[in-house]
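Participant: need a structure here:
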Amino acid sequence: MRYNFEWSPEKARQNLQKHKVSFEKAAEVFLDPLAISIFDEDHSIDEERWVTMGRDNRGIILVVIHTFAIQGRDKRKIRIISARKATMNETKQYEGETP
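Facilitator: Okay, here's the model as predicted:
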């Protein structure tokens, strides 16, 4: 699977300042074979939004809010909206423990 990532440079700057997570680093969670993606019905009014939780290449668990579009048989377009480090409860969920 190939991914095409995009994001707003201003949103990326704000996210890095607020959450200390770059969107380049956030994109790494999509390479995690154990990443979990959930449709975010509550925030999908104007567009379909997804929440994906996975590890970056350093092993840190991140939560990424994004849109998702199919661009072909093996290609997906991901627009990253925000990213942050997972909370303790989210980390337990990702690792398969009961929160």
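Participant: For the residue most central in space within the chain, name its beta-bridge partners.
Facilitator: Centroid check for the chain by CA atoms, centre = their mean gives Val64 as the closest residue, at 2.3 Å. Counting by DSSP bridges, Val64 is bridged to Thr52, Ala83.
Participant: correct me, but it touches Ser82?
Facilitator: Yes - counting by CB atoms under 8 Å, Val64 does reach Ser82; the two are 7.5 Å apart. Yep, even glycine has a C-beta here, placed from its N, CA and C like the rest.
Participant: Low-confidence stretches in the protein?
Facilitator: 97-99 (pLDDT under 70).
Participant: Can you show me the helices along it?
Facilitator: Using DSSP state H, the helices of the chain run over 9-19, 23-26, 88-94.
Participant: okay, those, which one's buried deepest?
Facilitator: When you average the neighbours per residue for each of the helices of the chain (mean count of other CB atoms under 10 Å), helix 23-26 leads with a mean of 21.
Participant: Sweet, I'm off.
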